[in-house]
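Novice: Generate coordinates for the sequence data below:
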Amino acid sequence: MKTVRLTMAQALLRFLNNQYVEIDGVEHKFCKGVMGIFGHGNVTGLGQALEQYKDEITFIQGKNEQGMAHAAIAFAKQKNRLEMFACTSSIGPGALNMVTAAGVASVNRIPLLLLPGDIFASRQPDPVLQQVEYPLDYTMTANDAFKPVSKYWDRINRPEQLMTAAINALRVLTDPAETGAVTLCLPQDVQCEAYDYPEAFFAKRVHHIDRKPVATAALARAAKLIESKKRPVIIAGGGVHYSLATEELRQFAEAFNIPVTETQAGKSAISWEHPLSFGGVGVTGTLGANRLAAEADLIISVGSRLQDFSTASKTAFAAHAEFLNINVSGLDAHKLDAAYVTADAKEALQALGAQLKAAGYRSSYSAEELSALKKQWDNEVDRLYALESPDGLTQTKVLGTINGFIGEQDVIVCAAGSLPGDLHRVWRVTQPKTYHMEYGFSCMGYEVSGAFGVKLAEPQGEVYAIVGDGSYLMLHSELVTSLQEGRKITVLLLDNNGYQCIHNLQRGHGSGSFGNEFRTRSAETGQLSGGYLPIDFAAHARSMGAKSYSVRNAQELEAALQAAKAETVTTLIDIKVLPGTNTDGYESWWHVGVAEVSESEKVQSSYEQLQSKLSGAKKW
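Specialist: Below you'll find the predicted structure:
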C-alpha cells in the first residue's frame with residue numbers, strides 16, 4: 001500500500017479538494033474552498049496547510065466567524081446543496097461564534113462543514129489560552145457546544161482518526177435527508193502531527209445522490225387519498241428546489257388543477273403569474289392562500305418542514321382536512337399525523353402524476369373561482385405597493401418600488417424582522433432561486449453575509465440584501481469581505497428605528513412599548529423613551545469602503561436604485577421608513593405565549609383570546 005506523509009491538516013485539505021457529488025449524471029466539485037479567521041488554534045496547523053495548497057484551494061478571509069459561516073450557508077443553499085465552503089476558526093470565542101451558524105445550517109438542512117480549532121490533545125500545556133476547564137469532565141471543551149446543533153460531530157485526537165471522521169462527515173453532508181452542520185474539532189497539536197496516510201484516501205471520491213424512489217404501496221395509498229378529495233392544496237417547501245423539481249411541481253399542479261402555496265423556503269418554485277400560484281401560506285401568507293388552506297380537504301406538503309409559520313400554529317386548516325407529506329426525510333414526512341411518501345420530491349411528483357392521470361383525476365375547483373381569488377390578492381398587492389403617507393416612506397411602498405426595479409434574474413436575500421412577512425406576502429417573483437430567505441432559524445445578521453455567499457454562487461447577476469436596521473447592526477462584517485473579494489452586493493437597509501417586528505408583536509398582545517425601539521434613555525423617566533437615535537448608515541458603509549446613498553422619499557429611492565446598479569463595488573442604500581407600515585393579518589394567526597397573570601387588563605384580555613384560539617387548534 002502506497003502512503004504519503006502529511007500533517008493531519010494537510011491531509012484534510014487534500015481529501016476535501018477531491019470530493020464530488022453526482023446527481024442525474026452531473027458531477028459537481030463539492031468543496032469549493034475554505035473560509036476562515038486564523039488564531040493560535042488553527043494558524044500553524046490548518047493555516048499552514050492552506051498556505052501550502054493556496055494554488056489549489058480557495059481561501060476567503062472572514063471578518064466574523066458567524067458571518068463567514070452564514071456566507072457559506074447561503075452559498076450552499078443557492079447551489080441547491082451541491083457545492084459548499086468549509087469554515088475554520090481558532091479555539092474558544094472564535095469557535096463559539098460559529099455555533100449560531102451551525103444551528104442555521106442544521107435547521108435549514110444546508111451542508112456546512114465547520115473546522116474549529118481545539119485545545120491540545122496531549123494536554124501538556126493545559127490550560128491553554130481560551131480553554132474552558134470543566135472540572136466534572138476534563139475532556140469537554142468549548143466545541144462541545146456544537147453537539148446539539150450539528151448533524152455529525154467528531155474530535156480528531158489522533159491524526160489517523162481523520163480518515164473515518166472525514167468519510168463520515170461527507171456521508172452526512174451529502175445526504176439530502178440528514179445534511180446540516182458537520183463539526184470536526186481539530187486539536188491544535190494534532191493538526192500539526194504527521195501520519196503516513198494511504199494514497200487511496202486522497203483518490204477522487206464521488207458521492208452519488210441517488211433519488212429515493214416511491215415505494216409501490218406508498219404510491220398506491222397516496223394516489224387513493226388524493227383521488228378521494230375534491231379540494232386539495234399544495235404547500236411547496238424548500239425540498240422542491242433541492243430536488244430540482246420546480247418543473248415537475250408546475251406540471252403536477254396543472255395536470256390536476258391543484259392550487260400551489262409556498263413556504264418561505266419554497267417561494268419562487270412557481271411564478272407568481274401562474275394562475276395556480278397563490279403565494280405564501282400561514283402566518284405570513286396571502287389572503288388567497290390562507291382561504292384555500294382553510295377550505296381544503298387535503299393538504300399536499302412537498303418538501304416542507306411544516307413549521308409553525310407555514311401551518312399558522314396548526315390553525316390554518318379545517319378540522320376535517322387530511323395531510324399527505326412528500327419528503328425525503330422521514331422526520332418531516334410523518335408530521336401532522338399525515339399519510340406519507342418518504343421519497344425524493346421529483347420522483348414522487350412524477351410517479352403520483354402518472355398514477356392520477358391513469359385514474360382520470362382532477363380537482364373540483366372552477367377556473368372562475370381561482371381566478372377571482374387570485375385577482376383579489378393581486379389588487380391588494382397593487383394597493384400595498386402604492387401605499388403612501390405624508391409622514392414618510394411606507395415599507396410596502398419601498399418594497400414595491402424595489403420589486404418593480406430589479407431584474408427577473410436578480411436575487412434578493414433576507415432573514416429576519418418584519419421584512420420576511422412582507423416579502424412572503426407581496427414580493428412578486430417569476431424565476432426559481434431568485435428569492436433567498438433564511439427562515440428556518442430567521443437569524444438576525446444573516447442578510448449581508450448571506451448576500452455575499454449568494455454572490456459567490458451567482459457572480460454574474462445582481463444580489464440584493466434586504467435588511468432592517470436591527471439586523472444590520474447585529475452583523476454586517478462580511479460587507480468588508482465582499483469588497484475584499486470584489487464581489488459586489490447591494491444592501492437595501494430599511495431603517496425603522498428599532499426592532500419594530502417584535503415591537504408590533506409586543507403591543508399586539510397587550511403590552512406597551514418597551515425595549516424595542518432605538519431611543520435614547522430619558523432623563524425624566526429613566527427608560528428608553530427619549531428621541532430616536534440618529535444613525536447615519538450611509539456614512540457607516542462609506543467608512544468601510546462601500547458606496548452609499550441616503551433615501552427619504554420615493555423619487556430618491558428610484559434614483560438610488562439606478563445609481564447603485566451602475567456601481568461596481570458593494571453599495572448600501574439607507575432607506576428611512578415609517579415604523580408599523582408592514583403588512584399583517586390576512587386571516588392568519590401565530591401562537592406566542594401570553595402572560596397568564598398580569599396587572600394589565602390588555603394583557604389579561606390577550607390571554608383570554610389566546611385560550612379561545614387554542615381550543616380550536618389541532619393538538620398534534
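Novice: The host helix or strand of Gln376 - contacts with which helices or strands?
Specialist: For Gln376, the host element (DSSP states H and E) is helix 367-386. On a contact count with 3 or more CB pairs under 8 Å, 6 or more residues apart in numbering; DSSP states H and E, helix 367-386 meets strand 277-280, helix 287-295, helix 395-405, helix 419-426. Using the backbone N, CA and C atoms, a C-beta is placed for each residue, glycine as well.
Novice: Quick check: which of the ones you listed is nearest to Ala255?
Specialist: Set against Ala255 and scored by CB to CB, the helices and strands packed on helix 367-386 come closest in strand 277-280, at 15.3 Å.
Novice: So for that closest one, mean pLDDT?
Specialist: Per-region confidence: strand 277-280 scores 98 on mean pLDDT.
Novice: How far does the helix holding Gln376 sit from its chain's centre?
Specialist: 28 Å (CA atoms, centre = their mean, to the nearest Å).
Novice: Quick check: which of the helices and strands packed on helix 367-386 is buried the most?
Specialist: Comparing these by mean neighbour count (mean count of other CB atoms under 10 Å), strand 277-280 ranks first with a mean of 26.
Novice: Let me see the contact set for Leu533.
Specialist: Contact partners of Leu533, counting by CB atoms under 8 Å, 6 or more residues apart in numbering, are 497, 518-520.
Novice: Kindly indicate the member of those residues with the most neighbours.
Specialist: Most neighbours among these, by other CB atoms under 10 Å: Asn497, with 21 neighbours.
Novice: Would you list the phi and psi of the spatially closest residue to that one that is not a sequence neighbour?
Specialist: Among residues not flanking Asn497 along the chain, Tyr532 sits closest, at 4.5 Å (CB to CB, 6 or more residues apart in numbering). Phi and psi for Tyr532, reported as degrees, to the nearest 10, are phi -60, psi 150.
Novice: How about the most centrally placed residue in the chain, nearest residue that isn't a chain neighbour?
Specialist: Geometric centre of the chain, nearest residue: Glu438, 2.2 Å, by CA atoms, centre = their mean. Nearest non-adjacent residue to Glu438, counting by CB to CB, 6+ apart: Ala415, 4.2 Å away.
Novice: From Phe75, how far off is that neighbour?
Specialist: Plainly put, Ala415 is 15 Å away from Phe75 if you go by CB to CB, to the nearest Å.
Novice: So which of those two has more stuff around it?
Specialist: Ala415 (30 against 25).
Novice: Am I right that the more buried one is in contact with Val448?
Specialist: No. Ala415 lies out of contact with Val448 (CB atoms under 8 Å); the separation is 9.9 Å.
Novice: Now the common contact residues for these two.
Specialist: Joint contacts of Ala415 and Val448 (CB under 8 Å, 6+ apart) are Val467.
Novice: Let me see the backbone angles for Asp24.
Specialist: Torsion angles, degrees, to the nearest 10, at Asp24: phi 50, psi 30.
Novice: actually Thr58, sorry about that
Specialist: According to degrees, to the nearest 10, Thr58 has phi -70, psi 130.
Novice: quick revisit: go through the helix holding Gln376 and flag the buried ones.
Specialist: 370, 373-374, 377-378, 380-381, 384-385 (16 or more other CB atoms under 10 Å).
Novice: try stretch 199-206
Specialist: Buried-residue list, stretch 199-206, by 16+ other CB under 10 Å: 201, 205.
Novice: Now it: average pLDDT?
Specialist: 98.
Novice: Could you do stretch 592-612 as well?
Specialist: 86.
Novice: What ranges in this protein fall below the confidence cut-off?
Specialist: By pLDDT under 70, the weakly predicted segments of the chain are 618-620.
Novice: in the stretch 401-550 of the chain, which spans are helices?
Specialist: 419-426, 446-457, 469-474, 478-484, 500-508, 537-543 (DSSP state H, counting those that start in this stretch).
Novice: whoops, the stretch 51-200 of the chain was the one
Specialist: 65-78, 93-96, 99-108, 162-173, 188-192.
Novice: from those helices, which stretch is densest packed?
Specialist: It is helix 65-78: most buried of the helices of the stretch 51-200 of the chain by mean count of other CB under 10 Å, with a mean of 29.
Novice: Now do that one and helix 162-173, the angle between them.
Specialist: Orientation check (axes from the mean of the first three to the mean of the last three CA atoms, to 10 degrees): helix 65-78 against helix 162-173 gives 60 degrees.
Novice: so how far is helix 65-78 off the chain centroid?
Specialist: Counting by CA atoms, centre = their mean, helix 65-78 comes out at 10 Å from the chain centroid.
Novice: Also stretch 305-313?
Specialist: Taking CA atoms, centre = their mean, one finds stretch 305-313 lying 15 Å from the centre of the chain it belongs to.
Novice: helix or strand for Val206, which one?
Specialist: Secondary structure assignment for Val206, by DSSP H and E: strand 205-208.
Novice: what's downstream of that strand, the next helix or strand?
Specialist: Helices and strands here follow DSSP H and E; after strand 205-208, the next one along the chain is helix 216-227.
Novice: and the helix or strand just after that next one, what does it pack onto?
Specialist: Per DSSP H and E, the first helix or strand lying C-terminal to helix 216-227 is strand 232-236. If you count contacts as 3+ CB pairs under 8 Å, 6+ apart, strand 232-236 packs onto helix 246-256, strand 260-262, helix 287-295, strand 298-302.
Novice: let's see 10 Å
Specialist: Counting contacts by 3 or more CB pairs under 10 Å, 6 or more residues apart in numbering; DSSP states H and E, strand 232-236 is packed against helix 246-256, strand 260-262, strand 277-280, helix 287-295, strand 298-302, strand 322-327.
Novice: so which of those comes closest to Thr216?
Specialist: strand 322-327 (15.5 Å).
Novice: Return the distance of the next helix or strand after that closest one from the chain's centre.
Specialist: Remark: after strand 322-327, the chain's next helix or strand is helix 330-333, criterion DSSP H and E. Relative to the chain's own centre, helix 330-333 is displaced by 19 Å; criterion: CA atoms, centre = their mean.
Novice: Which secondary structure elements does helix 330-333 sit against?
Specialist: Counting contacts by 3+ CB pairs under 10 Å, 6+ apart, helix 330-333 packs against strand 322-327, strand 339-342.
Novice: what are the C-alpha coordinates of it, in CSV please?
Specialist: Output in CSV follows, covering the C-alpha atoms of helix 330-333 (Å, rounded to 0.1, in the frame of the first residue of the first chain):
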residue,chain,number,x,y,z
GLY,A,330,-38.9,10.5,7.5
LEU,A,331,-39.0,13.1,10.3
ASP,A,332,-40.8,15.6,8.1
ALA,A,333,-42.9,13.1,6.2
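Novice: Residues touching it, excluding its own?
Specialist: Contacts with helix 330-333, where a contact means CB atoms under 10 Å, 6 or more residues apart in numbering, come from 109, 177-178, 218, 237, 239, 301, 303-307, 324-327, 338-343.
Novice: Also stretch 364-371?
Specialist: Stretch 364-371 has contacts (CB under 10 Å, 6+ apart) with 229-233, 256-259, 275-276, 278, 288, 292, 297, 363, 372-373.
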